[in-house]
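Chemist: structure for this input, please:
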Amino acid sequence: MLFIPKHSDTAIIVLHEIYGVNRHMQYICKLLSENDVDVYCPDLLERECFDYADESKAYLHFIENVGFEQASLKANRLLSDVREKYKKVYLIGFSVGATVAWLCGKEKLVDGIVGYYGSRIRNYMDISPQCRALLFFPEEEKSFNVNELAAMLVKKPNVEVRQFSGQHGFSDPFSPKYNEQSAEKAFKKVLDFI
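Modeler: Numbers count the residues shown, from 1 in each chain. Down below sits the predicted model:
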C-alpha cells in the first residue's frame, strides 16, 4: 500500500484502475497530498502493476482474480481501520476503482466518493450512496451510452455527474488518452468536493 502522511484530520483513499498502483496512481496520490491530506492507495491486485499495453490482460486479471465484490471488501476493511482516526474520509476511484468506491458508498464509513469513469457502475444501479458522490465520465465510452447512464445516476440522491471532453482515462498524464484541460477541470472539482 502506498501511504503519504500529512498528519491531517482528512484522509483520502485512492482506488486504482485495472493496472494497479502505477505511475498515474502515484502521481494522483502525490498531487492530493499537496493539499495537506493523508493519502492511502491500497494495492487491490496484490501484484506488480500492469503496463498499458496489457489492458486486456489487466482487465481479465482483475475480473478473474480480484473482482468488484472482493475489492470492495478490501476497501471497506481499510475504511474501517482508518475511519476513527480522521474527521473526514473520502474515496477517489479510477475506472474499476470508481465502481469499487460506488459499492463502498452504500456503507456509512465514508464522507464522500469521487469516481473517474466508473463504467461498471451501470451494473450496480440498485445502489444509492449514503454519502455525496461526484462521478466523472468522458463524453463517450465504447461499451455504453454515457448520457443514458448519467441521466439515471443524477436521479439518485447525493449524486452529481460531470462529463468531460476526452476518452476513458482522460485524467492520466501517462496515457495517450490524456486530456490536460479535462484533467485539470476534474481535479479542481475534486478539491472543491473535499
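Chemist: quick one: secondary structure of the spatially closest residue to residue 59 that is not a sequence neighbour?
Modeler: Using CB to CB, 6 or more residues apart in numbering and skipping residues adjacent in sequence, the residue nearest residue 59 is residue 18, 5.1 Å away. The C-beta positions use only the backbone N, C-alpha and C, and glycine is treated the same way. Look at residue 18: counting by DSSP: H, G, I helix; E, B strand; the rest coil, its state is coil.
Chemist: who is residue 38 paired with across the strands?
Modeler: For residue 38, the beta-bridge partners are residue 11 (DSSP bridges).
Chemist: could you tell me how many residues sit around it?
Modeler: Neighbours of residue 38 under the rule other CB atoms under 10 Å: 21.
Chemist: what's the answer for residue 150, then?
Modeler: Neighbour tally, residue 150, other CB under 10 Å: 15.
Chemist: give the helix, strand or coil label for the residue nearest the centre of the chain.
Modeler: Nearest residue to the geometric centre of the chain (CA atoms, centre = their mean): residue 93, 0.7 Å. At residue 93, secondary structure determined by three-state DSSP is strand.
Chemist: wait, it touches residue 105, no?
Modeler: No: at 10.0 Å, residue 93 does not count as touching residue 105 under the criterion of CB atoms under 8 Å.
Chemist: could you list the residues in contact with the longest helix seen in the chain?
Modeler: The longest helix of the chain (DSSP state H) is helix 67-83. Here helix 67-83 makes contact (CB atoms under 8 Å, 6 or more residues apart in numbering) with 1, 11, 13, 15, 40, 42, 44, 62, 89, 91, 96-97, 99-101, 103-104, 107, 109-110, 120, 124.
Chemist: 6 Å - rerun?
Modeler: 11, 42, 44, 89, 99, 100, 103, 104, 109 (CB atoms under 6 Å, 6 or more residues apart in numbering).
Chemist: which of those residues sit farthest apart?
Modeler: Pairwise distances across those (CB to CB) peak at 20.7 Å, for the pair 11 and 99.
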